[in-house]
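1. quick one: sequence plus predicted model below, questions after.
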Amino acid sequence: MEAVGSRFSLFREINCAVSVSASARMVGPAVISSACVAAVVKHDRGRTSRNDSAKTSTTRTKTGRLQTSTAGRRVGDSQKLNLEVSPHRAVSVVRLMRIELGGAFADLLNEQGKGSGYNEMGYVERTLGFRTRNLDDRDLRLVTEIVGGTTRWKRYLDHLILSLCHDENTFRSMEPLLLQILRIGFYEILKLEMPPYAVVDENVKLAKAALRVGAGNMVNALLRKLVLHKERSSLPEPKVDGDGRQQARSLATIHSHPVWMVRRWINQLGLDEAIKLMTWNNTDPCFSIRANTGKGFTRADLVEELEKCKVPYDLSQHLDDFVRIRTGMQVVIQAGLLKKGFCSVQDESAGLVVTVVDPKPGESIIDCCAAPGGKTLFMASRLNGEGSISAVDINEGRLRILKETAKLHELNQVITTIHADLRALDSNNLKADKVLLDAPCSGLGVLSKRADLRWNRRLEDMEELKILQDELLDSASKLVKPGGVLIYSTCSIDPGENEERIAAFLRRHPEFCVDPADKYVPSHFVTEDGFYSSNPVKHSLDGAFAARLLRSTR
Ligand SMILES: C[S@@+](CC[C@H](N)C(=O)[O-])C[C@H]1O[C@@H](n2cnc3c(N)ncnc32)[C@H](O)[C@@H]1O
């Protein structure tokens, strides 16, 4: 990821440098983004005095950010309020830039309500050079839809943008902000089926205000071309022909996934299932919410709150404390239900892993890779105040979140956090009845929710993860008391991270055997080998895996 990030910033610097020179000539420096300013300062050090004489100054703020001001106008002044540009597009384009540069996730779900329009307006101003009015609920919904969708469909959208450009070089040398604006426009016309001329108009306005007139003209030309192709049903779609590799490339473009994933899934699942999986990954996700019974807040209480807020819901068919919602997550966040600790966002597939652990009052449990604590908290709520959970994680920041959430959920009396690398933990003084290893994994089961994840994973990661998973399994096994249980879980659907890791573990550790999961979860979630496995296509849930392994009493 580092490598991709640094390559991207170099690309950004070079392209921003070009655009800043152009924008300075055409509309003046008030629209120059701070990222571009940073790039131009680096790229064009020798010309500082000329910039100075153009009544533009670039200063560094206390936080180290470069800030551009013209005589009488500064970043943050109220003149920077732009009421022409649609706020949700401005926020979306900036969020997309942040995702591409590795600085943000595509989901809006965190309990502090970060990702709300209010918090993001600062980023908008720093990136685009102006603010818009604050976002209302409708804008927030649109941001979620546009950012998630544009991120998912990136490869397909880029294929079309490239096909409609004069030449490949125009596309390859396009500055990132312009490319994001085009992606949004293409997505709105093709996938949201929005009125095309409104989309053209709005995105042209954004490009002119955020970049320069020429950028607006380019957006205008390409979006109009797209509208024509769409009306004539002559979109340049890739053809699925040629050898296996060529077919995988075309399918990867049509369904907007990395080629290596498509090839892997065609090999593992067959063509039809691979296409169904990609289709699932590209649909808007459904979210599940768990009522925090540990705090005395029941699912009936949650349902009452959702009805008050007019958020439509379905009761989970698999778990007593869970409800599913398709829309209205922003309303839930704004109602403060998460902030007050009454409930948590947790997929049922993750909840079912806890069902496989089957925590019982009085037990000692070690949660080996615990942060940020989704499963720890659900397990703790099952202990009814009796027993203990040691929550281990290598990431101090995430562990801190776990600790704070445990307090908020009033479950801290049974949870102790341990900041450590599991592989270096002294197992002599720490043993438990049950040990959960929710291992770091590729996340290939949760691609519909984590829209950005497919672009961050590389084939090489799969090999590196296997090594880590084996090491962590070996370390976790030492913490299990004789006669105790080790539960290994992932949010992946990849056999290399799931069944194959367990088979290899059992070869190294004959003192463990499989305890079939059908005693804990409905049988349609249980594989022939006795493992819990949720599958997006089959169960309409995120993909997850869990193996329950019993340690012999000796
Ligand atoms: C899949 S996430 C765990 C999610 C968590 N169980 C939950 O339900 O919220 C994997 C976690 O493993 C942690 N981790 C990775 N390597 C580790 C190591 N060597 N020792 C301990 N924790 C590790 C990561 O910091 C990350 O928080």
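-> Looks like it arrived, so ask away. Numbering: from 1, shown residues only.

2. going by C-alpha atoms from here, please, whenever you check contacts or count neighbours.
-> Fine.

3. ok, Pro196 - how many residues close by?
-> 17 (other C-alpha atoms under 10 Å).

4. swap in Glu168?
-> When neighbours are counted by other C-alpha under 10 Å, Glu168 comes out with 12.

5. what residues does the chain have near the ligand?
-> 369-375, 393-395, 420-423, 438-440 (C-alpha under 6 Å from any ligand atom).

6. from those residues, which ones fall inside strands?
-> Those of the residues of the chain next to the ligand mapping onto strands are 393, 438, per DSSP state E.

7. which ones among the residues of the chain next to the ligand map onto helices?
-> Under the assignment DSSP state H, those contribute 374-375 to helices.

8. hmm, which of the residues of the chain next to the ligand are the buried ones?
-> Buried residues within the residues of the chain next to the ligand, counting neighbours by 16 or more other C-alpha atoms under 10 Å: 369-375, 393-394, 420, 422, 438-440.

9. how about TSV for those, with pLDDT and distance to Gln268 added?
-> Shown next, in TSV, are those (pLDDT from 0 to 100; distance: C-alpha to C-alpha, whole Å):
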residue	pLDDT	distance to Gln268
Cys369	98	28
Ala370	98	30
Ala371	97	31
Pro372	96	31
Gly373	97	32
Gly374	97	30
Lys375	98	29
Asp393	98	32
Ile394	98	32
Ala420	97	36
Leu422	98	31
Asp438	98	23
Ala439	98	22
Pro440	98	21
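
10. okay, the residue most central in space within the chain and Ala252: tell me how far apart.
-> When C-alpha atoms, centre = their mean is applied to the chain, the residue found nearest the centroid is Arg450 (3.3 Å). According to C-alpha to C-alpha, to the nearest Å, Arg450 and Ala252 sit 18 Å apart.

11. report the contact partners of Asp470.
-> Asp470 is in contact with 501, 505, counting by C-alpha atoms under 8 Å, 6 or more residues apart in numbering.

12. if I pick Phe545, what's in contact with it?
-> 353, 489-493, 498, 531-534.

13. low-confidence ranges in this protein?
-> Within the chain, the stretches with pLDDT under 70 are 1-79, 103-119.

14. ok, longest strand in it?
-> Per DSSP E, the chain has its longest strand at strand 480-490.

15. that strand - contacts with which helices or strands?
-> On a contact count with 3 or more C-alpha pairs under 8 Å, 6 or more residues apart in numbering; DSSP states H and E, strand 480-490 meets helix 348-357, strand 432-438, helix 459-477, strand 544-551.

16. and with 6 Å instead?
-> Using 3 or more C-alpha pairs under 6 Å, 6 or more residues apart in numbering; DSSP states H and E, the elements in contact with strand 480-490 are strand 432-438, strand 544-551.

17. neighbouring strands - and their directions - for the last one?
-> Neighbouring strands of strand 544-551 in its sheet, by DSSP bridges, are strand 480-490 (antiparallel), strand 512-514 (antiparallel), strand 532-534 (antiparallel).

18. any idea how far the last one is from the chain center?
-> Strand 532-534 has its average C-alpha position 22 Å from the chain's average C-alpha position, going by C-alpha atoms, centre = their mean, to the nearest Å.

19. again with the longest one
-> Counting by C-alpha atoms, centre = their mean, strand 480-490 is centred 30 Å from the centre of its parent chain.

20. show me where the stretch 101-250 of the chain has strands.
-> With DSSP state E, counting those that start in this stretch, there are no strands along the stretch 101-250 of the chain.

21. for the buried ones among the residues of the chain next to the ligand, which one is nearest Pro87?
-> For those, the residue nearest Pro87 by C-alpha to C-alpha is Pro372; the value is 31.8 Å.

22. list the contacts of the closest one.
-> Neighbouring residues of Pro372 by C-alpha atoms under 6 Å, 6 or more residues apart in numbering: 398, 402.

23. what's the spacing between it and Leu549?
-> 24 Å.

24. what of Met462?
-> Noted for Met462: a distance of 23 Å to Leu549, by C-alpha to C-alpha.

25. and the angle for the longest strand of the chain with strand 432-438?
-> Strand 480-490 and strand 432-438 are oriented at 20 degrees to each other (axes from the mean of the first three to the mean of the last three C-alpha atoms, to 10 degrees).

26. got the angle between the following helix or strand past strand 480-490 and strand 480-490?
-> Using DSSP states H and E, the next helix or strand after strand 480-490 towards the C-terminus is helix 499-508. Angle, helix 499-508 to strand 480-490, by the same axes, to 10 degrees: 160 degrees.

27. how far away from the center of its chain is helix 499-508?
-> So, by C-alpha atoms, centre = their mean, the centroid of helix 499-508 is 30 Å from its chain's centroid.

28. tell me the buried residues in it?
-> Using 16+ other C-alpha under 10 Å as the test for burial, helix 499-508 gives 499, 501-502, 505.

29. export those residues as CSV, with columns for distance to Ser381.
-> CSV is the format used below for those (distance: C-alpha to C-alpha, whole Å):
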residue, distance to Ser381
Glu499, 29
Arg501, 30
Ile502, 28
Phe505, 30
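
30. what is the nearest of these to Glu125?
-> Of all those, Glu125 sits closest to Arg501, with 47.6 Å by C-alpha to C-alpha.

31. for that closest one, which non-adjacent residue is closest in space?
-> Once flanking residues are discounted, Arg501 sits nearest to Asp470: 6.7 Å by C-alpha to C-alpha, 6 or more residues apart in numbering.

32. check Ser448 too.
-> Asn281 (4.1 Å).

33. Gly543 too?
-> Nearest non-adjacent residue to Gly543 (C-alpha to C-alpha, 6+ apart): Gly445, at 3.8 Å.

34. ok, the one you found to Arg454 distance?
-> Taken as C-alpha to C-alpha, the span from Gly445 to Arg454 is 11 Å.

35. ok so, going back, identify, out of the strands paired with strand 544-551, the most deeply packed stretch.
-> strand 532-534 (a mean of 27; mean count of other C-alpha atoms under 10 Å).

36. contacts for that strand?
-> 517, 525-526, 543-546.

37. look up phi and psi at Thr417.
-> Here is the backbone geometry of Thr417 (degrees, to the nearest 10): phi -100, psi 140.

38. surely it is in contact with Ala391?
-> Yes. The criterion here is C-alpha atoms under 6 Å, and Thr417 meets it with Ala391 at 4.7 Å.

39. neighbour count winner among the two?
-> Ala391 (26 against 20).

40. does that one lie in a helix or a strand, and which?
-> strand 388-393.

41. relative orientation of that strand and strand 432-438 in degrees?
-> Going by the same axes, to 10 degrees, strand 388-393 makes 30 degrees with strand 432-438.

42. what's the following helix or strand after strand 388-393?
-> Defined by DSSP H and E, the subsequent element after strand 388-393 is helix 396-408.

43. which residues touch that next one?
-> Outside of helix 396-408, the residues within contact range by C-alpha under 6 Å, 6+ apart are 341, 371-373, 412.

44. which strand residues bridge Val480?
-> Beta bridges link Val480 to Ala432, judged by DSSP bridges.

45. in the sheet, who's paired with the residue in the stretch 151-300 of the chain that the ligand sits nearest to?
-> Going by C-alpha to the nearest ligand atom, the ligand is nearest to Arg290 of the stretch 151-300 of the chain, at 13.0 Å. With beta bridges defined as DSSP bridges, Arg290 has these partners: Phe322, Ser344.

46. buried residues in stretch 241-256?
-> 247-256.

47. from the chain's centroid, how far away is it?
-> Centre-to-centre, stretch 241-256 and its host chain are 25 Å apart (C-alpha atoms, centre = their mean).

48. what's next to that stretch, contact-wise?
-> With contact meaning C-alpha under 6 Å, 6+ apart, stretch 241-256 is reached by 153, 155-156, 238, 240, 258-259, 263.

49. can you check stretch 291-304 too?
-> With contacts defined as C-alpha under 6 Å, 6+ apart, stretch 291-304 is touched by 321, 342-343, 381, 409-410.

50. what about it, start to end distance?
-> End-to-end span of stretch 291-304 (C-alpha to C-alpha): 12 Å.

51. okay, buried residues for it please.
-> Buried residues in stretch 291-304, counted by 16+ other C-alpha under 10 Å: 291-294, 297-299, 302-303.
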